[in-house]
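[1] Got a sequence here, can you model it:
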Amino acid sequence: MRLNQETVLETPRLFMVPYLRVHVPKYHSWMQDSWLRETTSSEQLTLDEEFEAQEQWCNLDDRLTFILLSKQLYQDYWSLNNIKVELDESQLNIHENAEIYSMIGDINLFITYSHTINDFEGELSVMIAESKYRGQGLAAEALAGILEYSGRNLPMKLNSIVAKVSMTNQSSINFFQNRLKFIERSRNNVFNEIEFVPEIQQLPSEDQNQSEYKNLALNTSQLIIDRLLTNSLGSTSKWYYLENDLKLWRQTPRE
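    Below you'll find the model as predicted:
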C-alpha cells in the first residue's frame, strides 16, 4: 500500500481512497457479517486486530488497497450537512467523516512473484459491503479503476491477473464468469475456490506478444470499461479516470 497511500482515484461513480486508520471502525463493522467473511475468505478480528492489520498493510509493497466511496453519498453528505469547507487543515476531520459516511466497500490487488517462471501475478479482490449498492456495476467500475492505476503506476509488469472466488459465492462466480467474461483457470477443492482469469490472458502466446496486449492490466481494464459502456454491467454511460493527491483532494472546497 505504500505506492497508493497518498492517491485518490476517481471514476464516474466512485472515489477510491487509500485504506487509512480512520476507515477501520466501519470496515470492522462490515466484517461482523458472517456472509461477508465467508465470501471474502476473511477471519473475524477484534477491532484492535483490525487496526494492527491496517497498519501492517500500509507498509507493504505487494498489495494495493482502496476503500470505495459512493460519489453520490459523498455529495449527499455535504448537502445534508450544508457545509462549505475552506482550505484549512483543521477541518480535515470533516472530510474524514464524509469518507466514512460514503464507504460502500473495498478493493485489493495482491502481487505475487514466481521465481520459477519469472512472472508477476496480480490477484484481484473486490467487495461491495453495502447491499443496496450491489448489482449496479460498481464492482466492475472499481476493478477497471484499480487495473488502470496498476497498469500506469506499478514498478513491475503484471504477467497474469486472477480472481479467486469461493465455490459457495454464486453471485461472484456469475459476476466474473458471465458478466466480465473471465475464464475459469482452475478449481481447488482443498481451499474451496475457483480461479478466474481475463479472457485476453488465454490468447495464444504469439497474440499476447502483440503491442496492444503487452500491458495486461490496462487492456483488462479497457475490456471491463467496454462492458460498462454497453450497459451490460451497470448504468454508467461514460468513462473517465483521474488520479488525485489525497491531501489536496481532502482540502478541496465542498458545497
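[2] all helices for the stretch 101-250 of the chain, in order.
    Per DSSP state H, counting those that start in this stretch, the stretch 101-250 of the chain carries helices over the ranges 138-153, 170-174, 205-208, 216-229, 246-250.
[3] rank these by pLDDT, which is bottom?
    Looking at those, the lowest mean pLDDT belongs to helix 205-208 (a mean of 53).
[4] hang on, the earlier thing: in TSV: the helices of the stretch 101-250 of the chain, plus distance to residue 23 and mean neighbour count.
    For every residue, glycine as well, the C-beta is placed using N, CA and C. Shown next, in TSV, are those (distance: least, CB to CB, whole Å; neighbours: other CB atoms under 10 Å):
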stretch	distance to residue 23	mean neighbour count
helix 138-153	15	23
helix 170-174	23	15
helix 205-208	37	10
helix 216-229	24	21
helix 246-250	12	15
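[5] Of those, which is nearest residue 159?
    Among the helices of the stretch 101-250 of the chain, helix 216-229 comes nearest to residue 159, with 6.9 Å by CB to CB.
[6] Contacts for the closest one next, please.
    By CB atoms under 8 Å, 6 or more residues apart in numbering, the surrounding residues in contact with helix 216-229 are 122, 137, 140-141, 143-145, 147-148, 150-152, 154, 157-161, 179-181, 198-201, 212-213, 233-234, 236-239.
[7] Stretch 51-69 too?
    For stretch 51-69, contacts defined as CB under 8 Å, 6+ apart pick out 1-5, 9, 14-21, 23-24, 27, 45, 99, 102-112, 128, 138, 142, 145-146, 149-150.
[8] number of nearby residues for residue 122?
    25 (other CB atoms under 10 Å).
[9] Setting aside sequence neighbours, what's the nearest residue to it?
    Nearest residue to residue 122 in three dimensions, chain neighbours excluded: residue 158, at 4.5 Å (CB to CB, 6 or more residues apart in numbering).
[10] what's the neighbour count on the one you found?
    Residues lying near residue 158 (other CB under 10 Å) number 21.
[11] The closest residue to residue 7 other than its chain neighbours pairs with what?
    Closest residue in space to residue 7, ignoring its immediate chain neighbours: residue 243 at 5.8 Å, by CB to CB, 6+ apart. Beta-bridge partners for residue 243, by DSSP bridges, are residue 9.
[12] how about residue 10, what does it touch?
    By CB under 8 Å, 6+ apart, residue 10 lies in contact with 16, 71, 240, 241, 242, 243, 244.
[13] Residue 16 too?
    For residue 16, the residues meeting the contact criterion (CB under 8 Å, 6+ apart) are 8, 9, 10, 66, 67, 68, 69, 107, 142, 145, 146.
[14] and the helix or strand where residue 37 lies, how far out from the chain's middle?
    For residue 37, the host element (DSSP states H and E) is helix 34-39. Mean-position distance between helix 34-39 and its chain equals 18 Å (CA atoms, centre = their mean, to the nearest Å).
[15] Check which element follows that helix along the chain.
    Using DSSP H and E, the helix or strand that directly follows helix 34-39 along the chain is helix 47-58.
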